[in-house]
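In: Compute the structure for the input listed below.
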Amino acid sequence: MSIHLQRAITSLKKQLLTLGAHVEENVHLAVKAVENRDTDTAEQVIQNDDIIDQMEVDIEEDGLKMLALYQPVAIDLRFIIVTIKINNDLERIGDLAVNVAERAMFLANWRPLPIYFKFHAMGEITQSMLKRSLDSLVNTDVELARQVCADDDKVDAMNREVYQQVETGARDHPDDLEAFLHALGVSRHLERIADLATNISEDVIYMASGEIVRHRVEDYTSGSKGEPD
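Out: Residues are numbered from 1 along each chain as shown. Predicted coordinates:
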């Protein structure tokens, strides 16, 4: 690797991690806004998204320039490609955090719902998956990335539970139907954030090993593979 390419890769990695920190914070604030029925925090999430959007554009441009200028190969090429993909996933997570914040603003102005939703627990697991996916990138930790992928099932189960609660609540309390739908939206957005954290972890596995684990039935905890979907 040339010294110029090495410096460019180091810089690109720092940019991506800075973006990741901003996105992590916005997801945290969005969940907090839901839990505390806090419109001020929700508004802060929405305002922060402009910074995330601009950082995503800058990283993509720098990554594409590196591909054209240095024509990297092997692991350097995989790193740049993965960085561009993760960059896009992080921007989408930022958008989902905004969606959660918008739902929080609606729910904050609605009377408390008669059903308790486990958004705190769901938010904690989702935020942990996002943080660990980025940690796996920093440390090129394939095992940690596999753990993140395995945890996606937990969030999926929580999302199904919320759907069932909303179905029951809407039937028993039809006057709260609109609010129940916003609560379901919070759950679906958190579930999607967990999916994107899983995507990031799958990309880390690819970057580190060249192994493509997308579209496969896999026992992530053991690393064994199943048949393609």
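
In: can you pull the buried residues of stretch 137-150?
Out: Under the neighbour-count criterion of 16 or more other Cβ atoms under 10 Å, stretch 137-150 has 137, 141-142, 144-150 buried. Backbone N, C-alpha and C define where each C-beta goes, glycine included.

In: tell me the mean pLDDT over stretch 54-65?
Out: Here stretch 54-65 scores 97 as its mean pLDDT.

In: shift numbering so it begins at 535
Out: With the count now opening at 535, the last piece we talked about shows up as stretch 588-599.

In: For that stretch, give me every contacting residue.
Out: 542, 545-546, 549-550, 552-553, 556, 614, 617-618, 621-622, 624-625, 628 (Cβ atoms under 8 Å, 6 or more residues apart in numbering).

In: mind redoing it with 6 Å?
Out: Residues from elsewhere that reach stretch 588-599, judged by Cβ atoms under 6 Å, 6 or more residues apart in numbering: 546, 549, 553, 614, 617-618, 621, 625.

In: how distant is that stretch from the center of its chain?
Out: 19 Å (Cα atoms, centre = their mean, to the nearest Å).

In: Can you tell me the element Leu603 falls in?
Out: Leu603 belongs to helix 573-604 when assigned by DSSP states H and E.

In: what's the next secondary structure element after that helix?
Out: helix 608-642.

In: which parts of that next one are buried?
Out: 610, 612-621, 623-642.

In: element containing the spatially most central residue of the chain?
Out: Taking Cα atoms, centre = their mean, the centroid of the chain lies closest to Ile727, which sits 3.7 Å from it. Element membership of Ile727 [criterion: DSSP H and E] is helix 711-743.

In: Give me the average confidence score over that helix.
Out: 96.

In: Any stretches of the chain with poor pLDDT?
Out: For the chain, applying pLDDT under 70 flags the ranges 535, 749-763.

In: With secondary structure added, can I get the buried residues of stretch 671-684 in CSV?
Out: Compiled in CSV, the buried residues of stretch 671-684 are given as follows (DSSP: H, G, I helix; E, B strand; the rest coil):
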residue, secondary structure
Leu671, helix
Asp675, coil
Val676, helix
Leu678, helix
Ala679, helix
Arg680, helix
Gln681, helix
Val682, helix
Cys683, helix
Ala684, helix
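
In: Dump the residues you listed to a markdown table, plus distance to Pro606.
Out: Shown next, in a markdown table, are the buried residues of stretch 671-684 (distance: Cβ to Cβ, whole Å):
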| residue | distance to Pro606 |
| --- | --- |
| Leu671 | 17 |
| Asp675 | 22 |
| Val676 | 21 |
| Leu678 | 25 |
| Ala679 | 22 |
| Arg680 | 26 |
| Gln681 | 29 |
| Val682 | 26 |
| Cys683 | 27 |
| Ala684 | 31 |
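
In: Provide a list of residues in contact with the residue nearest to the centre of the chain.
Out: By Cβ under 6 Å, 6+ apart, the contact list for Ile727 reads 627, 630, 660.

In: between these, which is nearest Ile739?
Out: Distance to Ile739, by Cβ to Cβ, is smallest for Ile627 among the contacts of Ile727, at 18.7 Å.

In: So that closest one sits against Leu730, correct?
Out: Yes. Using Cβ atoms under 6 Å, Ile627 and Leu730 qualify as a contacting pair, with a distance of 5.2 Å.
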